[in-house]
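J.: After the sequence you'll find the predicted model.
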Amino acid sequence: MRFGPLLRVLGTALYGLIGWELGVALARTPELTTESWKYIVPFTLLGAAFGFLLAPWLVFAPAKAARNALRQVPISDLVAGTIGVSAGLLIAALLSFPVSRLPAPFGNIVPLILVFMFGYLGAAVLVLRQRDFFSFLRSSGKAEEFPTKAIDAEAMPLFLDTSVIIDGRVADIAKTGFLLGTLTVPRFVLNELQYIADSADTLRRNRGRRGLEVLDKLQNTPEAKIVFIDQDPTDAQQVDDKLVSLARQTGGLIITNDYNLNRVAKLQGVRILNINELANAVKSVYLPGEEIPLKIIQEGKEIGQGVGYLEDGTMVVVENGRRYLNQEILVQVTKVLQTNAGRLIFATPE
């Protein structure tokens with residue numbers, strides 16, 4: 001705490017001045033008269049003592065917390081927040097002059113309230129609507145950028161995480177030609193995959209080896225362009241954090257099946273391609289009243305229920321279907337539910 005003495009002096013002066021102003025506001029005069037000193041002197045001394053005792057801790061703890069918080073904030077949020085605060089403070093400054101003419105203590109307090117309120121509102125609005133704001137600036141300043149972006153779509157890096165490589169479906173999707181960007185595998189993802197493949201646990205070892213086979217399959221797929229890069233962000237330690245950092249730096253996308261990575265990346269403004277969401281999107285759509293053939297393979301959670309699965313893996317819960325266990329029957333759809341885990345169909349036997 002090398003700056004402790006300096007902070008005590010500054011805190012004493014600052015809070016003493018605040019106490020003085022509060023005493024003047026209550027006494028309704030800045031002059032030291034018999035009546036006014038009863039307000040001004042005690043509040044000044046109280047403020048100075050408060051600043052002397054607590055100033056170092058009031059400064060260091062918030063400063064440390066702010067430094068740690070700023071490390072986690074995306075640069076786009078910082079830029080948008082700074083612009084928003086500046087705009088809010090400008091509006092507050094324009095309103096403060098007429099408001100300062102109000103009778104004391106309102107003339108002294110209301111301008112401060114306006115500063116905090118408009119500063120916060122400006123930052124909050126621009127951070128929440130930063131995409132619309134920056135899109136508006138780009139569209140109004142450079143309308144010709146849009147064709148260029150369309151042309152560069154095939155060069156956009158599509159970062160693969162470990163989960164989607166082990167899953168393997170990305171290779172089949174790439175073969176169809178739907179993935180226009182460049183499939184990009186950072187060295188730290190490859191190292192994690194190799195670590196899993198060398199695991200003593202049989203299941204983990206098989207999963208790791210499957211991931212390596214998928215990468216080999218992608219390299220031999222003419223429709224897929226895949227590259228391996230050595231970039232390793234120094235501002236992150238975990239593999240997921242490094243992927244998010246790389247995607248933010250390059251403007252790329254992340255292809256993943258990891259739910260947590262999906263949420264964290266979206267919170268930081270990184271676009272995600274989730275294979276599970278894609279699989280749910282292309283499943284067959286069934287409407288209430290339609291009839292489908294189904295084999296009941298197990299009992300349901302409720303009494304009398306039976307459960308079967310469609311070819312695309314969609315679970316079908318059949319009321320009164322338990323008596324048809326291990327039989328293929330015709331069922332009629334009664335209700336379709338869409339959940340985070342996928343689509344769930346309820347049906348009754350025909």
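T.: Now that the structure is in, tell me what you want to look at.
J.: ok, which stretches of this protein are helices?
T.: 4-27, 37-72, 75-99, 106-128, 130-141, 145-151, 162-167, 169-176, 187-197, 202-219, 239-250, 259-267, 275-281 (DSSP state H).
J.: Using JSON lines, lay out those together with distance to Asn320 and mean pLDDT.
T.: The C-beta positions use only the backbone N, C-alpha and C, and glycine is treated the same way. Listed next are the helices of the chain as JSON lines, based on distance: least, CB to CB, whole Å; pLDDT from 0 to 100:
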{"stretch": "helix 4-27", "distance to Asn320": "75", "mean pLDDT": "78"}
{"stretch": "helix 37-72", "distance to Asn320": "53", "mean pLDDT": "75"}
{"stretch": "helix 75-99", "distance to Asn320": "54", "mean pLDDT": "84"}
{"stretch": "helix 106-128", "distance to Asn320": "50", "mean pLDDT": "83"}
{"stretch": "helix 130-141", "distance to Asn320": "50", "mean pLDDT": "70"}
{"stretch": "helix 145-151", "distance to Asn320": "54", "mean pLDDT": "42"}
{"stretch": "helix 162-167", "distance to Asn320": "36", "mean pLDDT": "91"}
{"stretch": "helix 169-176", "distance to Asn320": "35", "mean pLDDT": "88"}
{"stretch": "helix 187-197", "distance to Asn320": "45", "mean pLDDT": "91"}
{"stretch": "helix 202-219", "distance to Asn320": "38", "mean pLDDT": "91"}
{"stretch": "helix 239-250", "distance to Asn320": "45", "mean pLDDT": "88"}
{"stretch": "helix 259-267", "distance to Asn320": "34", "mean pLDDT": "87"}
{"stretch": "helix 275-281", "distance to Asn320": "28", "mean pLDDT": "81"}
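J.: okay, those helices, which one's buried deepest?
T.: helix 162-167 (a mean of 23; mean count of other CB atoms under 10 Å).
J.: which other residues reach that one?
T.: Applying CB atoms under 8 Å, 6 or more residues apart in numbering, the contact partners of helix 162-167 are 170, 185, 189, 192-193, 196, 207-208, 210-211, 214-215, 239, 255-258, 261, 275.
J.: what do you get for stretch 183-193?
T.: Under CB under 8 Å, 6+ apart, the answer for stretch 183-193 is 157-162, 165-166, 170, 174, 208, 211-212, 215, 218, 224-232, 239, 242-243, 246, 252, 255.
J.: hang on, the earlier thing: show me the one of the helices of the chain that comes nearest Leu344.
T.: The closest of these to Leu344 is helix 275-281. By CB to CB, the value is 10.9 Å.
J.: helices or strands next to that closest one in the packing?
T.: helix 169-176, strand 342-349 (3 or more CB pairs under 8 Å, 6 or more residues apart in numbering; DSSP states H and E).
J.: Rebuild those as JSON lines, extending it with distance to Tyr324.
T.: Shown next, in JSON lines, are those (distance: least, CB to CB, whole Å):
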{"stretch": "helix 169-176", "distance to Tyr324": "32"}
{"stretch": "strand 342-349", "distance to Tyr324": "6"}
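J.: What is the neighbour count of Gln332?
T.: Counted with other CB atoms under 10 Å, the neighbours of Gln332 add up to 14.
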